[in-house]
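Undergrad: From the sequence below, what's the structure:
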Amino acid sequence: MARNPRITFIGAGSTVFMKNIVGDVLQRPALSGATIALMDINPQRLEESAVVVNKLIATLGVKAKAETYSDQRKALTGADFVVVAFQIGGYEPCTVTDFEVPKKYGLRQTIADTLGVGGIMRGLRTVPHLWKICEDMLAVCPEAIMLQYVNPMAINTWAIAEKYPDIRQVGLCHSVQGTAMELAHDLDLPYDEIRYRSAGINHMAFYLRFEHRQPDGSYRDLYPDLVRAYREGRAPKPGWNPRCPNKVRYEMLTRLGYFVTESSEHFAEYTPYFIKDGRPDLIEKYGIPLDEYPKRCIEQIERWKDQAQAYSSAQRIEVEESREYASSIMNSVWTGEPSVIYGNVRNNGCITSLPRDCAAEVPCLVDASGIQPTYIGDLPPQLTALMRTNINVQELTVRALMSENREHIYHAAMMDPHTAAELDLDQIWSLVDDLLAAHGDWLPAWARVKRKTEAA
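TA: Purely as a prediction, here's the structure:
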């Protein structure tokens, strides 16, 4: 009798996300008997997640089983797939710190989880924990595939490949397929009639082709339609979040000729063009939601209180298919049935105009052999140039982590496009000092600095 897969969730207390992935997994016949190993450091959230998984199993009538662990290595033992989703330091204190300390210098952010000083600090907090998972995987499940859903995605993927090249890993984000759905909606077209090809780096990949299938089977380029809809005020249409009107990406489409896959609120802080001290006209014109991520965190915390109660009292938990790639990857690896996903992997020459060792986001074939990135070649030069400004920050953050050289943290902040556009060198150095001091024990020991009051 063929064995069933073992799927371990590290950070299983991210209950809603975990529920979506498990719901997808259990609806695939080849995976429906899986052992779902849940691990989290928060006992209450872990128990809440276990309740949800067991109700999903009962609702679907499958033979899967759930196990809970507080010990990471035990949870990983014998795993075939490892899903990682956590936020080191949480909303409080760390996300609040990443926003409030820069604000004292007049440096405003929107999301601060990928690039900029917020993304750098999150990378410094997060990568050592990912490395510890890699150590445990090499000891107890060396052939497992890590499906990593943690930001800053590019920094994390790069750092894992750099220190643990034998780990089979992919960084996963739903921005490529999610944005394609948004654009189809903006043009009043069915998503299943859209064809696209995207490549770049996480949160800064671009659709190299975005096309609509015609009745005769040919495909029509949709870029002229998108530009025309924007200029005529028909796009973007209102989305899920009224605070985020999505104008930045459309404006950049008219400047670059290509549409970026991550949201306008993210993209506004990856470049020096949109958030500027003393320019409220830009904030208003493009609808840029400053301090957006803290607002979302507060809303999610409030929503979870009601959601946890609803899950606890429900007899059944209905399952809807999510747009995440995780179950597709697991199914393809387990059964050999091929699929194509967009994943973040070590570039290794897939995108020839970007560094070989950076983390690239490209189409990947998945089958019984695992995740196999596809060749892209050179990107348009303007896209390559823009990505390099972000890769500089990612690379220096990874270099800081690998060498334990604190100077590279300052260098990373110095190279960040938005930070450099707003602050002078003395301000950047002082801001990094303040952030390192404020984060304290959340950082690896080599990166910590004493607070100025302690040093006096």
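Undergrad: how close does Leu26 get to Phe210?
TA: 33 Å (Cβ to Cβ, to the nearest Å). (Each C-beta comes from the backbone N, C-alpha and C, glycine too.)
Undergrad: I misspoke; the intended subject was Gln309.
TA: Applying Cβ to Cβ to Gln309 and Phe210 gives a distance of 42 Å.
Undergrad: ditto for Val176
TA: 11 Å.
Undergrad: before we move on, which element is Val22 in?
TA: Assigned by DSSP states H and E, Val22 belongs to helix 15-26.
Undergrad: The helix or strand following that helix versus helix 15-26: what angle between them?
TA: Using DSSP H and E, the helix or strand that directly follows helix 15-26 along the chain is strand 35-39. If you take axes from the mean of the first three to the mean of the last three Cα atoms, to 10 degrees, strand 35-39 sits at 170 degrees to helix 15-26.
Undergrad: What residues sit buried inside the longest helix anywhere in the chain?
TA: In the chain, taking DSSP state H as the definition, the longest helix is helix 116-140. Of the residues in helix 116-140, 116-131, 133-134, 136-137, 140 count as buried by neighbour count, 16 or more other Cβ atoms under 10 Å.
Undergrad: More neighbours: which of Gln309 and Phe210?
TA: With neighbours defined as other Cβ atoms under 10 Å, Gln309 and Phe210 compare such that Phe210 has more, 24 against 11.
Undergrad: Confirm that one sits in a helix?
TA: No - read with DSSP: H, G, I helix; E, B strand; the rest coil, Phe210 is strand and lies in no helix.
Undergrad: Pairing partners for it in the sheet, please.
TA: Tyr196 (DSSP bridges).
Undergrad: Identify the residues contacting Ile371.
TA: By Cβ atoms under 8 Å, 6 or more residues apart in numbering, the residues touching Ile371 are Ile145, Arg168, Val170, Ile329, Ile341, Gly343, Val345, Cys364, Leu365.
Undergrad: In strands, which of those residues fall?
TA: Among the contacts of Ile371, DSSP state E puts Ile145, Arg168, Val170, Ile341, Gly343, Val345, Cys364, Leu365 in strands.
Undergrad: Roughly how far does the residue nearest to the fourth one when sequence neighbours are not counted sit from Pro363?
TA: Which is Ile341. In this structure, Ile341 finds its nearest non-sequential neighbour in Tyr325, 4.3 Å apart by Cβ to Cβ, 6 or more residues apart in numbering. To Pro363, Tyr325 is 11 Å away according to Cβ to Cβ.
Undergrad: hey, what's in contact with both of the two?
TA: Common neighbours of Tyr325 and Pro363 (Cβ under 8 Å, 6+ apart) are Ile341, Tyr342.
Undergrad: who has more neighbours, those two?
TA: Neighbour count, other Cβ under 10 Å: between Tyr325 and Pro363, Tyr325 has more, with 26 against 19.
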